[in-house]
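K.L.:
sequence first, predicted model second:
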Amino acid sequence: MAWEDSAIIRVVVNDISFEVATTGAGERLALLLHGFPEHAFSWRFQMPLLAKIGYRVWAPNLRGYGGTDSPPGIEAYKTESLVEDVASLIRAAGAKETVLIGHDWGGWLAWLVAMQYPELIQRLVVLNEPHPARFLREFKKPSQFFRSWYMLFFQIPRLPEFLLGIRRGRVIAKTIRWTAADPSRFPDDVIEVYRRNAARRGGLNAMLNWYRALFRGGGLERSRHAGFPKIQTPTLFIWGDADRFFCAGTMRGIEQYAPNLTFRALPGVSHWAQQEAPEAVNAILEAWLSGKRVPEYCESAGLRFHAAGGASR
């Protein structure tokens, strides 16, 4: 099944009309949450696999992306609203069982949903997005702070939109290729999807407002003060270890917050793991979701990831 074979539906929840790519059928839902500056298209390799193993797959364009509503103003992108979007989509699907899968910003939301609405999901998968507690701890250290400089740059009004929107969005779209370990995985036709997404009227502004709302609305501090309840949901964490945006320190100790954890590294794979190494990601996903032995551990960046789950230094 190619991406073009997926159906597009509209789902209206939380006062937002979501554009959702869907395939597969049944009472088990796989809800896929993309990151920045991506699109539901980023799950094109995983959607057929998940449908094949019996899931009804929903890959929404999140608030401010693609054909989903992009309300004006920073306030509309508060983390609390984004989390409620995800919870509302799960409820609207009416599935008996849900696996929530998130990458980058989608992974941040997936962690928060698992903490705040554990009754809504039966399994959790996160790719290249550290647990919020680990990110907040490392953010003040130089090794992570200098990798996260762009988050502070995005707080400036209008200038980021201007610079990232140069050549009708090609700059922000090509950032994916420039930060990939294997740029050949992002040919021009793939970059064009992300360019069009960024070039939508108000598109870049909406996408950047996620970051502005996180900082200006105090979302980081609220997350810290609320504490981080342990996630008992079975959790799979996949990390491409050539990630230019997160240092290895953000990955250490995640099992403290998600004790039922299976942790896998992909050596030499960048932040864009599910697109750059779809074969490896799909093999891990299929084995874990099917209750089979997950591919053996690998050692990476000072961490050892074991087949039985967990991590050691």
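P.N.:
That came in fine, so what should we check first?
K.L.:
ok, the residue nearest in space to the middle of the chain - contacts?
P.N.:
Closest to where the C-alpha atoms of the chain average out (C-alpha atoms, centre = their mean) is H103, at 1.9 Å. H103 makes contact with 33-35, 38, 42, 126-129, 273-274, according to C-beta atoms under 8 Å, 6 or more residues apart in numbering. (Each C-beta comes from the backbone N, C-alpha and C, glycine too.)
K.L.:
for G94, see how far away it is.
P.N.:
For H103, the distance to G94 equals 25 Å [C-beta to C-beta, to the nearest Å].
K.L.:
try A114
P.N.:
Distance, A114 to G94, by C-beta to C-beta: 20 Å.
K.L.:
which one's more surrounded, the two?
P.N.:
Between A114 and G94, counted using other C-beta atoms under 10 Å, A114 has the larger neighbour count: 24 against 8.
K.L.:
mind pulling up the pLDDT for the more buried one?
P.N.:
Looking at A114, its pLDDT stands at 96.
K.L.:
residue contacts, L164?
P.N.:
Contacts of L164 (C-beta under 8 Å, 6+ apart): 37, 171-172, 175, 198, 204, 208.
K.L.:
so what's it closest to, chain neighbours aside?
P.N.:
Excluding the flanking residues, the one nearest L164 by C-beta to C-beta, 6 or more residues apart in numbering is I172, at 4.0 Å.
K.L.:
likewise E138?
P.N.:
What sits nearest to E138 in space, not counting adjacent residues and going by C-beta to C-beta, 6+ apart, is Q144, at 4.1 Å.
K.L.:
buried residues, the helix or strand where the one you found lies. List them.
P.N.:
In the assignment (DSSP states H and E), Q144 maps to helix 142-145. Neighbour-count burial for helix 142-145 flags Q144 (criterion: 16 or more other C-beta atoms under 10 Å).
K.L.:
before we move on, what about stretch 168-187?
P.N.:
Counting neighbours by 16+ other C-beta under 10 Å, the buried set in stretch 168-187 is 169-170, 172-177, 179-181, 185-186.
K.L.:
now do the helices in the chain.
P.N.:
Per DSSP state H, the chain carries helices over the ranges 46-52, 79-93, 105-116, 132-139, 142-145, 149-153, 159-164, 166-178, 188-199, 203-216, 219-226, 273-276, 278-289.
K.L.:
with distance to N61 as extra columns, can I get these in a markdown table?
P.N.:
Output for these, formatted as a markdown table (distance: least, C-beta to C-beta, whole Å):
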| stretch | distance to N61 |
| --- | --- |
| helix 46-52 | 14 |
| helix 79-93 | 11 |
| helix 105-116 | 11 |
| helix 132-139 | 23 |
| helix 142-145 | 29 |
| helix 149-153 | 22 |
| helix 159-164 | 18 |
| helix 166-178 | 15 |
| helix 188-199 | 8 |
| helix 203-216 | 11 |
| helix 219-226 | 21 |
| helix 273-276 | 16 |
| helix 278-289 | 20 |
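K.L.:
check those for me: which has the lowest mean pLDDT.
P.N.:
The stretch with the lowest mean pLDDT among the helices of the chain is helix 219-226, at a mean of 58.
K.L.:
what's across from V20 in the sheet?
P.N.:
In this entry, V20 is beta-bridged to I9, P60, by DSSP bridges.
K.L.:
count residues in the vicinity of it, would you?
P.N.:
V20, neighbours per other C-beta under 10 Å, totals 25.
K.L.:
hmm, it is touching V11, no?
P.N.:
Yes: using C-beta atoms under 8 Å, V20 makes contact with V11 at a distance of 5.3 Å.
K.L.:
between those two, which contacts overlap?
P.N.:
58, 60, 89.
K.L.:
how near is the second one to D15?
P.N.:
The reference is to P60. Counting by C-beta to C-beta, the gap from P60 to D15 is 15 Å.
K.L.:
the residue nearest to P118 when sequence neighbours are not counted: what's it in contact with?
P.N.:
Spatial nearest neighbour of P118, excluding adjacent residues (C-beta to C-beta, 6+ apart): T233 at 6.0 Å. Contact analysis of T233 by C-beta under 8 Å, 6+ apart lists 114, 118, 121-124, 258, 260.
K.L.:
tell me the pLDDT at T233?
P.N.:
pLDDT, T233: 98.
K.L.:
what's the burial count for D241?
P.N.:
Close neighbours of D241, defined as other C-beta under 10 Å, add up to 23.
K.L.:
quick check, nearest of the contacts of H103 to G107?
P.N.:
Nearest to G107 among those, counting by C-beta to C-beta, is E129 at 2.8 Å.
K.L.:
just list the residues touching that closest one, thanks.
P.N.:
35, 102-108, 110-111, 246.
K.L.:
tabulate these (CSV), appending distance to D5.
P.N.:
As requested, those are exported to CSV (distance: C-beta to C-beta, whole Å):
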residue, distance to D5
G35, 23
G102, 23
H103, 22
D104, 25
W105, 26
G106, 22
G107, 26
W108, 30
A110, 26
W111, 31
F246, 33
